[in-house]
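A.B. asks: got a sequence here, can you build the structure:
(one chain, ligands or ions: 2)
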Amino acid sequence: MSKVKESNFQVLDMKREHYQLLINGARVDSTSGETYECKNPATGEVIAHVAKASLKDAELAVKAARHAFDHGKWRKLPVGKRARVLNKIAGIMRARFGELVELEVLNSGKSIGAAQGQVMQAIEDFEFYAGAIVGHRGSVNNVPGQFQNITEKEPVGVCAQIIPWNYPMMMAAWKIAPAIATGCSVIVKPASLTPLTAIVLGEICVEAGVPEGVVNILPGSGGTIGNFLVEHEDVDKVAFTGSTPIGKNIMETASQTLKRVTLELGGKSPNIVFEDCDVNAAVDGSLFGIFYNTGQSCEARSRLYVHEDIYDEFMEKFVEKTSRLQVGDPFNKGTHIGSIISEEQVNVIDGYVQSAIEEGATILAGGKKATVAGFEGGYWYEPTIITDVHHEMKVVQEEIFGPVVVVMKFKDEKEAIGLANDTEYGLGSAIWTKDHGKATRVSKSIQAGIVMVNCPFSAFPGTPFGGYKQSGFGRELCIETLDLYTETKSILSYYGGKPLNPFGL
Ligand code: NAP
Ligand code: MG
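C.D. replies: Ligands and ions are numbered 1, 2, ... in the order given. Reported below is the predicted structural model:
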């Protein structure tokens, strides 16, 4: 009987000065000896040195993942045992929740409240998939004659998982949990700016008893390591979360080896406030919808459409509450808006805002870089509201990925739907109305993977997360994700007593 081996590996200090690669169940330095500095974006200070994977390391990781998949026992374990290991991962994370949150805040500059929610969701992802995998199975199909057809779900193989910097821990969990639940092996390429919690999560997997080679973590450059994994013929699937341009790149490269590809890409999500809504709830939900995680959310509701009849009342409240948002020390419990991830990103955000001003837009709040006393070395931007915009403007069409919302008036349902659908993206969307019929009609008309009705939140473990149009394809966080980490094998057998002779010879 196959057993889950107890692991001697223990993650001691989560917060430390040096982080290594995780390959084949062991922490290793880069074969090149190279490291890079990892910063706290709230202070600009270096908080750790991280091994930078070379192409040789990436090759070693692919070999380890391949070997674990082809010859290891993980995928052959009874599903209940894999589930038990996933629950153990969640258990270690729960026991060390405070340390994980601290590390996430230090590396991302996000507010502690946001980090707590995201680390908790990462834990719940493992618990969700521990349960879901037990019920994930093939089918028995209706076929004519004396034939039996069953399908089996087999793990797809070695998966390269490339993730962004905005939700470092949560994205790592969204990727690793369903993949290893099905029996796949993974190589996670965290964002260069935020590798720490993904590295630690990989180590926790090993501590929990995930066999060597099943989970590998490779911090390093996306353009080299990431691309290498996407090209590699021993990698069977790429699961990518990041920007739409890089997603297109990945799809093209992956086509050379016909890898399975899932893409969770950018967004420019509409938030439609109808005249018959609960105005206060809509104000609070819209505020959270854009400014949560400092606006660095793929499903940030960054286009706000307000019905003309309540526009003045809504905007007065929305602007007033925006002015009360606390920007500053991410570790302060009262902070709503943490830092921006990098100086480069602050400049991108400001470039968008300035372009809007040049094109005649009006700034109702914010509109410039912020300074925070005691955090002068960090990267900050004021929560910003822009009006008097045209729909063709860059700030309306392009993803800014910062605390910036554009606001427009509309006069009826048809116009709101037309505006909502007028971008290349289709990830999130929100509707505020008390009219059930209207909510249902608009939900059905919106071209987006996610519709939030009178709701500020976009997803919990179990709810499908993913996009329409150029926001990508594939769904994460849900049962369907397991299908995307498995192949369906059809087994057709004949059970008749009389041998078949189709050629009649
Ligand atoms: P990004 O620049 O596209 O990078 C994402 C990841 O891809 C990083 O790990 C990056 O590595 C790597 N990468 C870069 N170039 C690559 C290449 N040529 N081949 C393979 N990998 C490569 O995105 P980001 O700036 O980190 O994150 C922001 C974007 O993510 C936004 O567009 C946001 O909407 C999107 N996002 C989407 C979702 C969703 O679920 N739909 C969730 C979160 C974020 P380096 O860090 O080394 O560059
Ligand atoms: Mg980037």
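A.B. asks: check the offset of stretch 458-473 from the chain's centre.
C.D. replies: Stretch 458-473 sits 9 Å away from the centroid of its parent chain (CA atoms, centre = their mean, to the nearest Å).
A.B. asks: output that stretch as PDB, restricted to C-alpha atoms.
C.D. replies: Only the C-alpha atoms of stretch 458-473 are listed here, as PDB (Å, rounded to 0.1, in the frame of the first residue of the first chain):
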ATOM      1  CA  SER A 458     -15.500  38.800  -6.800                       C
ATOM      2  CA  ALA A 459     -14.700  35.300  -5.700                       C
ATOM      3  CA  PHE A 460     -14.400  32.700  -3.000                       C
ATOM      4  CA  PRO A 461     -13.000  29.100  -3.300                       C
ATOM      5  CA  GLY A 462     -15.600  27.400  -5.400                       C
ATOM      6  CA  THR A 463     -16.600  30.400  -7.600                       C
ATOM      7  CA  PRO A 464     -15.200  30.300 -11.100                       C
ATOM      8  CA  PHE A 465     -12.700  33.000 -11.800                       C
ATOM      9  CA  GLY A 466     -11.600  33.900 -15.300                       C
ATOM     10  CA  GLY A 467     -12.300  36.100 -18.300                       C
ATOM     11  CA  TYR A 468     -14.000  36.500 -21.600                       C
ATOM     12  CA  LYS A 469     -12.500  38.200 -24.600                       C
ATOM     13  CA  GLN A 470      -8.900  39.400 -24.100                       C
ATOM     14  CA  SER A 471      -9.000  38.700 -20.400                       C
ATOM     15  CA  GLY A 472      -8.100  35.200 -21.200                       C
ATOM     16  CA  PHE A 473      -9.700  31.700 -20.900                       C
END
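A.B. asks: how long is stretch 399-419 end to end?
C.D. replies: 16 Å (CA to CA, to the nearest Å).
A.B. asks: list the buried residues for that stretch?
C.D. replies: 399-410, 413, 416-417, 419 (16 or more other CB atoms under 10 Å). The C-beta positions use only the backbone N, C-alpha and C, and glycine is treated the same way.
A.B. asks: these also near ligand 1: which ones?
C.D. replies: 399, 401 (CB under 6 Å from any ligand atom).
A.B. asks: mind listing what's buried in stretch 137-154?
C.D. replies: By neighbour count on 16+ other CB under 10 Å, the buried set for stretch 137-154 is 151, 153.
A.B. asks: give me the phi and psi angles of the closest residue to residue 307 other than its chain neighbours.
C.D. replies: Spatial nearest neighbour of residue 307, excluding adjacent residues (CB to CB, 6 or more residues apart in numbering): residue 275 at 4.0 Å. The phi/psi pair for residue 275 (degrees, to the nearest 10) reads phi -70, psi -20.
A.B. asks: what about residue 275, how many residues close to it?
C.D. replies: Applying other CB atoms under 10 Å, we find 19 residues neighbouring residue 275.
A.B. asks: do the one 5 residues further on as well
C.D. replies: Other residues within reach of residue 280, judged by other CB under 10 Å, total 11.
A.B. asks: same deal with residue 120?
C.D. replies: 16.
A.B. asks: do residue 351 as well
C.D. replies: Other residues near residue 351 come to 12 when the count uses other CB under 10 Å.
A.B. asks: which helix or strand contains it?
C.D. replies: helix 343-358 (DSSP states H and E).
A.B. asks: residues in the stretch 301-450 of the chain within reach of ligand 1, list them.
C.D. replies: Taking CB under 6 Å from any ligand atom as the contact definition, the stretch 301-450 of the chain meets ligand 1 at 399, 401, 427.
A.B. asks: the chain now?
C.D. replies: Listed as neighbours of ligand 1 in the chain under the rule CB under 6 Å from any ligand atom: 162-167, 189, 191-192, 221-223, 226-227, 230, 241-243, 246, 249-250, 264-267, 298, 399, 401, 427, 467, 472.
A.B. asks: looking at those, which are in strands?
C.D. replies: If you go by DSSP state E, the residues of the chain next to ligand 1 have 162, 189, 241, 264, 472 in strands.
A.B. asks: can you count the residues close to the residue nearest to the fourth one when sequence neighbours are not counted?
C.D. replies: The spatially closest residue to residue 264, leaving aside those adjacent along the chain, is residue 241, at 4.1 Å (CB to CB, 6+ apart). Residue neighbour count, defined by other CB under 10 Å, stands at 25 for residue 241.
A.B. asks: show the contacting residues for residue 241.
C.D. replies: By CB atoms under 8 Å, 6 or more residues apart in numbering, the residues touching residue 241 are 162, 163, 164, 171, 174, 175, 263, 264, 265, 298, 476.
A.B. asks: before we move on, what about residue 74?
C.D. replies: Residue 74 neighbours (CB under 8 Å, 6+ apart): 68, 82, 180, 183, 185, 210, 211, 214.
A.B. asks: state the mean pLDDT of the longest helix along the chain.
C.D. replies: Assignment by DSSP state H gives helix 112-132 as the longest helix of the chain. Averaged over helix 112-132, pLDDT sits at 98.
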